[in-house]
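Chemist: Take a look and give me a structure for this.
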Amino acid sequence: MKKFALLSLCGAALFTACSDSSSLKVSLEELDILESSSSISEDESSSSEVSSSSEASGSKETSSSAKSEPTSSSSTDKPSSSATDKPSSSANETSSSSAESSSSAEPKSSATSSSSAESSSSFVSRDINVGVYQYKMSGLDFLNANIYNNETQAIDSLTLRLYVTTKPENIEITPVVDQTPGTCPLVVDEDICIMYDSRGYSTPCNLPDGTSADRELRTNLRHSTPIRIDNSYNALTGEYTYYIPIPLGSIELSPSTHMRIDIGFTSGIFQNHTCETLRTPTKKKFSKDSSDWSWAAHQKDVDGADYEGIPLLDRDYGDTAKAPINPYIAIYRRDELISGIPPKY
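Modeler: Down below sits the predicted model:
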């Protein structure tokens, strides 16, 4: 391009006889301007081609990306896991309300089933145990039970579970029918409750606020019906294993203390969602010679601990001697097994 411009200039100079040196200088300056302008134009043209190529490439990538990613509308076609997997709070409230209504109604069957509760209970070992013996009074069966807190901290909310094996008609409640009271073949009642401190001094059982514990104990026991363990059914005998809950409520056992509670077994009537004792003997009879888990004798290599069975003794035996510890009465605290050996199925 530079050579062509020079030839053109020389041609013009020859035409004008190249007589004016100043005109030649101006022409050379114009030649530099033309050359610079031409160079700039070539650079801009090259830059424009590169830019066009980049834009085209970017457009292809954008188009490809748009095809590979789902649109926002497609992501809303499926409900989120939180909407399908978890019930709403209102659903939980409805479920809770239904459960409360069900618990307050008359029982549909004559016993509550709790095989799942037995199998799912966790175990937290605590140094709490119970010594027990049996005695008879006025033709009725009684247990003298002493619960020992051998730990260095107080404990409350305890429930003893006594395991027996019998036929449903000997233990299960029959409901109210047409205003006619049902029956309670087995009513558990509190007869005596005494607390012993670490020095052996005794006081009546009291609640943490200092009031007598008798009313709370009796109310809890009247509402504690035997619990049937469904998978314990014996088709040959028609019997189930049940546990009889003995809830001690809010009574607190201080460290190195024990409480004595005498429990009577009677029969009575069922009305107003509770059992009322008639102080009559039960159909179910209790003895260490029976197959009842909490009464019978056990061997360590079979069941986990040696035990001769609940002894039948004089009512006042516990006033001067200590009853043998019974490892086959399970002790629970708020549905957690803390001591004792329940049966396995």
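
Chemist: Which segments of the chain make up each domain?
Modeler: Per automatic domain parsing, the domain ranges recorded for the chain read 2-59, 109-339.

Chemist: Any idea which of these gets closest to residue 345?
Modeler: Evaluated over the domains of the chain, closeness to residue 345 peaks at domain 109-339, with 4.9 Å, by CB to CB. The way it works is simple: take the backbone N, C-alpha and C, and place the C-beta from them, glycine included.

Chemist: which non-adjacent residue is nearest residue 278?
Modeler: Excluding the flanking residues, the one nearest residue 278 by CB to CB, 6 or more residues apart in numbering is residue 268, at 4.5 Å.

Chemist: on that earlier part again, rank the domains of the chain by pLDDT, which is bottom?
Modeler: In terms of mean pLDDT, the lowest-scoring of the domains of the chain is domain 2-59 (a mean of 43).

Chemist: Please identify the most buried of the domains of the chain.
Modeler: Mean neighbours per residue, mean count of other CB atoms under 10 Å, is largest over the domains of the chain for domain 109-339, with a mean of 17.

Chemist: Wait, the residue nearest to residue 278 touches residue 282, no?
Modeler: No - counting by CB atoms under 8 Å, residue 268 sits too far from residue 282 to count as a contact (9.8 Å).

Chemist: returning to that earlier point: may I have the secondary structure class of the residue nearest to residue 278?
Modeler: With DSSP: H, G, I helix; E, B strand; the rest coil as the basis, residue 268 sits in strand.

Chemist: same check, this time on residue 317
Modeler: Using three-state DSSP, the structure places residue 317 in helix.

Chemist: How about the contacts made by it?
Modeler: By CB atoms under 8 Å, 6 or more residues apart in numbering, residue 317 lies in contact with 133, 135, 144, 323.

Chemist: Bridge partners for residue 325, pull those for me.
Modeler: Beta-bridge partners for residue 325, by DSSP bridges, are residue 131.

Chemist: Can you name the residues that contact it?
Modeler: Neighbours of residue 325 in contact, by CB under 8 Å, 6+ apart: 129, 130, 131.

Chemist: now the second one: how far from residue 222?
Modeler: From residue 130 across to residue 222, the span is 22 Å (CB to CB, to the nearest Å).

Chemist: Spatially, which two of the contacts of residue 317 are the most separated?
Modeler: 135 and 323 (10.6 Å).

Chemist: where do the contact lists of these two overlap?
Modeler: 144, 313, 317.

Chemist: State the distance from the last one to residue 328.
Modeler: As judged by CB to CB, residue 317 and residue 328 stand 20 Å apart.

Chemist: ok, now residue 281?
Modeler: Relative to residue 328, residue 281 is positioned 24 Å away (CB to CB).

Chemist: next one: residue 291
Modeler: Distance from residue 291 to residue 328, by CB to CB: 12 Å.

Chemist: Need the overlap of contacts for these two.
Modeler: Contact criterion CB under 8 Å, 6+ apart; residues shared by residue 291 and residue 328: none found.

Chemist: how about residue 133, what does it touch?
Modeler: Neighbour list for residue 133: 143, 144, 310, 311, 312, 313, 317, 318, 323, 324 [criterion: CB under 8 Å, 6+ apart].

Chemist: Return the set of residues that bridge with the fifth one.
Modeler: What that stands for is residue 312. residue 134.

Chemist: roughly how far apart are it and residue 336?
Modeler: 32 Å.

Chemist: And residue 215, by the same measure?
Modeler: Residue 215 is 26 Å from residue 336, by CB to CB.

Chemist: and if you look at residue 140?
Modeler: In terms of CB to CB, residue 140 sits 32 Å off from residue 336.

Chemist: Could you do residue 227 as well?
Modeler: 16 Å.

Chemist: where exactly do the helices run in this structure?
Modeler: 2-15, 21-68, 72-75, 81-85, 89-104, 115-120, 214-222, 300-303 (DSSP state H).

Chemist: Surely residue 221 and residue 189 touch.
Modeler: Yes - Residue 221 is within contact range of residue 189, at 6.0 Å (criterion: CB under 8 Å).

Chemist: Name the residues contacting each of those two.
Modeler: Common neighbours of residue 221 and residue 189, counting by CB under 8 Å, 6+ apart, are residue 263.

Chemist: Pipe the contacts of residue 317 into a markdown table and attach distance to residue 235 per row.
Modeler: Shown next, in a markdown table, are the contacts of residue 317 (distance: CB to CB, whole Å):
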| residue | distance to residue 235 |
| --- | --- |
| 133 | 34 |
| 135 | 35 |
| 144 | 36 |
| 323 | 36 |
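
Chemist: Cool, thanks, signing off.
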